[in-house]
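1. need coordinates for the following:
(chains A, B and C)
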Amino acid sequence: MSQPAAVATPKPHDAHEAHHEELGFWRKYVFSTDHKVIGIQYAFSGLLFLLFGFSLMMLMRWQLAYPGAALPLIGSLLGEARMPGGTMLPDFYNELGAMHGTIMVFMGVVPLAVGGFGNFVLPLQIGAPDMAFPKLNMLSYQSFLLGGVTMLASFFVPGGAAQSGWTSYTPLADIATTGQTMWLIGMVFLITSSLLGAINFIATTIQLRAKGMTFMRFPFFVWTQFVTAFLLLLAFPPLEAAAVMQLMDRLAGTSFFLPSGLVVSGQIVNNAGGGNPLLWQHLFWFLAHPEVYVLILPAMGIVAEIIANNTRKPLWGYRSMVYSLVFLGFMSFIVWAHHMFMTGMGTAMAAFFQTTTMIISIPSVVILTALIISLWGASIRYNTPMLFAVAFLPMFGIGGLTGLPLGLNVADIPLHDTYYVIAHFHYVVAPGTLFGLFAGIYYWYPKATGRKLNETLGKIHFAGMLVCMNVVFMPMFLMGLAGVSRRLFDGGSTYNFAQPVLHWNVVSSWGAWALGLFQLPFIFNFFWSLRKGEKSEDNPWQATTIEWSAPSPPPHGNFVVAPEAYRGPYEYSVPGAAKDFVPQYEA
Amino acid sequence: MTSDHAASVTSDHAVDIDRHVRIYITVFVALMALTIITVAISRLHLPIPIAVTVALLVAIIKGSLVACYFMHLISEKKLIYAVLVVTAVFFAALLALPALTTSNGYWIHGIHG
Amino acid sequence: MEIPYTVQVRRDTGLTNGKIGIWLFLASEVMLFGALFASYILIRTGSQSWPRGDTILNVPLATLNTIVLISSSVTMVMAWASLMRRRFGTFRIYMGGTILLGFVFLVVKFFEYSHKFESGLFPSTNNFLAIYFTLTGLHGLHVIGGMAVNAYFWGPGAKLWKTNPEWFTNRVEHSGLFWHFVDLVWIFLFPTLYLL
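-> Residues are numbered from 1 along each chain as shown, chains lettered A, B, ... in the order given. Model (predicted):
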């Protein structure tokens, strides 16, 4: 009836038997179609871009803490065009701001969370040999890389990189320097990469899941990647269309987003006019709102896996979590204009978007609550992944709750475009998503590399991140409530009403630099453990999901014998069982 | 239902395909007729709201014929329908909500909402 | 290592990987063109005056193009039907016809565009022309893309018919779906831009 129970631990080359052709270096590590290699490529690139994007912010934080002060050493390295005498020019500040946002969101978090974790873990967790379209997968990564390189190259063109915010609002972006054109081209490559990847993820999840792996037996991580893929598939194309239109405005002289009678620096803009700047905002936010769920859902999936594993209990409310997730994905498409409450919309439409926004908070709360309740009565193992996963819960809680006033159109009036908004979204993405992603790195590193990361260094990394994230972002709520606007190149120092809260800029900056220092133990740990880390067995965490049945690292083709799912994904502490966990893949 | 798209062609298949080909020709003729009709109606220069409604209706009929018969949507699997229904909902939201938001707005004097 | 369900359908979904892949791609394309149609609506309703399509654009030429594209959709589906009937020669003829009709479409478009440029009408002239060039331009790029794929299956890709005829038939079906979608977009584009 079924194959032999436990999958025997094969020698790494066994799985190759059918098609054994030894691939050269380039086909194996650079132009690979293996989802694990591609996943690692994405993860590595994502982490590098995260570090780079963070460095841009560490530079900005100097200007915010000490506006107009010369930055020692680094200031002179950046040249007279950007930092004359080591002091930051406003245009450069804007460049850093726009690119920090763009790089973190599109080149850092999503490639790591979806491209990295999704590619590596998803096929393994559903018991598949690879993605449905391996060559398309490789193309996705290459398109992403091309987009990333284009974005980085934009720093070197005359006028510098994009400097109209990561949101590229028109008409400012229409008339901006060349870097903005490269931003648009870079976005087209990045969007293409995501679209191709989304097709792959959805097709793979539906078609290549193992025998017995029904939808309601999916690990929650698989569900989050599945819904995320739909968000990417259907929400990105409108931004691609908008990017094409902005390119037309910039290169072909069209007026899609240029209103009539526009005056720039005292000169009347010689365009046909008749365009609508708000058209850009609608198309941008149609993507960018689902995008924020793209940022959070994979992290929630990772946190769910790690919590189930380290509480040695099934997740509480799995079914509710799944229904909430699907409902959330759907709702995310009809809330976007809560980013546009200040654009002059009438009370009827404001009420509509406010209502859908309030409704969408419900599934988020259900998922968070279920994860919290999952801790109740558990024998919790506090390893590094679990520390990050548990810390995610209150951090995401703060981020989510502080979003509520922003989603109510009247409460949004004093808060829109202030530091309150910055604090809100960073709480969800920084001590929110990033904690989930780091948790995932510590959790799956043994599977990907065959070695364990050092626990002590991990705990130092965690402690530093938890403290520093709060030091950086908590004060920003206060600054925002005091009325300090975002994107001010001097952090609000010229405004009288801001004076009582300006000192918080210094606090945030030192927090950010400390946060940078605390990445060093992680970076060291990551590379040192590759060679010198304690060797890992196949299932070091005694986990139940199918990826742990494969060798560490898994060979090409993943499983010698196609696995089968015999039960749900979280059969921990089953009464009467021999061990405190019954794997999904054991007969 | 799956047989149309699976492996080898049996004699049952050949009959199936013959029936399909007859449908394709019928749909082609219908599409040609509808094209002539929509161009002819446009010559009448009807008031915009009516012209838009009629043109859209004809386009939807033509589009449905292409989708149902050339793209075989009429006999597709539930999963494909599910994907397309969800897409249709978001497509409708994308077309309607920005326009509704603009018309419900308090805009700069001179731009017609 | 074989990826399953490239040719045989998976029993519980009734689909091959490629079939679901192409429909997912088409779903994303619906959103892409949807955004442009949404832009058309906002720009048109936001403008003080909007020319009727036939006052600026060439309706007879576009009607011809509509007929050309619809015909190419028929030849495309007949190409697939020929493969289902195991008639490779007939497939070649119909697929060739599809590519030829696509080429005719592009030639007509070329004449349309050059005539506009010669008359001093550019995308930058006004928003009607801006959205016209952008919508038809993006559509035209999709026609070129579809033709490239079709040409591949007519030419070098046809080798697959000898080694795996079922897989080849499926792939032709999938590229056919893309081609029909391109036709479908035009069915809406044509009245929107030219007739209203």
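2. okay, CA-based contacts and neighbour counts for the rest of this
-> Noted.
3. now find how far off-centre the lengthiest helix in chain C is within its chain.
-> Ranked by residue count under DSSP state H, the longest helix found in chain C is helix C:88-118. Averaged C-alpha coordinates place helix C:88-118 at 11 Å from its chain's average position (CA atoms, centre = their mean, to the nearest Å).
4. the helix or strand that that helix is followed by close to chain A?
-> As assigned by DSSP states H and E, the chain's next helix or strand after helix C:88-118 is helix C:127-154. Yes: residues of helix C:127-154 are located near chain A by CA under 8 Å from any CA of the partner chain, namely C:Asn127, C:Ala130, C:Thr134.
5. which residues does the nearest residue to A:His282 once chain neighbours are set aside contact?
-> Leaving out its chain neighbours, the residue that sits closest to A:His282 by CA to CA, 6 or more residues apart in numbering or on different chains is B:Pro98, at 6.4 Å. Listed by CA atoms under 8 Å, 6 or more residues apart in numbering or on different chains, the contact set of B:Pro98 reads A:Leu279, A:His282, C:Ala38, C:Leu42.
6. for the residue of chain C found nearest chain A, give its distance to A:Gly179.
-> Residue of chain C nearest chain A, by CA to the nearest CA: C:Ser124 (4.1 Å). Distance, C:Ser124 to A:Gly179, using CA to CA, to the nearest Å: 22 Å.
7. with B:Arg19 instead?
-> Relative to A:Gly179, B:Arg19 is positioned 57 Å away (CA to CA).
8. same check, this time on A:Ile367
-> Per CA to CA, A:Ile367 is found 40 Å from A:Gly179.
9. who has more neighbours, those two?
-> Set A:Ile367 next to A:Gly179 and count neighbours by other CA atoms under 10 Å in any protein chain shown: A:Gly179 wins out with 25 against 22.
10. hang on, that one packs against A:Thr150?
-> No: judged on CA atoms under 8 Å, A:Gly179 makes no contact with A:Thr150 at a distance of 9.8 Å.
11. overlap of the contact sets of the two?
-> Residues touching both A:Gly179 and A:Thr150 by CA under 8 Å, 6+ apart: none at all.
12. remind me which residues of the chain are low pLDDT?
-> Assuming you mean chain A. Applying pLDDT under 70 to chain A flags residues A:1-21.
13. that answer is for a different chain, and I need it for chain C
-> For chain C, the ranges with pLDDT under 70 are C:1.
14. pick out the residue of it closest to chain B.
-> Ranked by CA to the nearest CA, the top residue of chain C for proximity to chain B is C:Ala38, at 4.7 Å.
15. which SS state does that residue fall under?
-> Under DSSP: H, G, I helix; E, B strand; the rest coil, C:Ala38 falls in the helix class.
16. okay, now it: neighbour count?
-> By the other CA under 10 Å criterion, the neighbourhood of C:Ala38 contains 24 residues.
17. and if you look at A:Ala98?
-> A:Ala98 has 22 neighbouring residues, counting by other CA under 10 Å.
18. gap between the closest residue to it other than its chain neighbours and A:Gln225?
-> Sequence neighbours aside, A:Gly165 is the residue nearest to A:Ala98 in space, at 4.0 Å (criterion: CA to CA, 6+ apart). Relative to A:Gln225, A:Gly165 is positioned 28 Å away (CA to CA).
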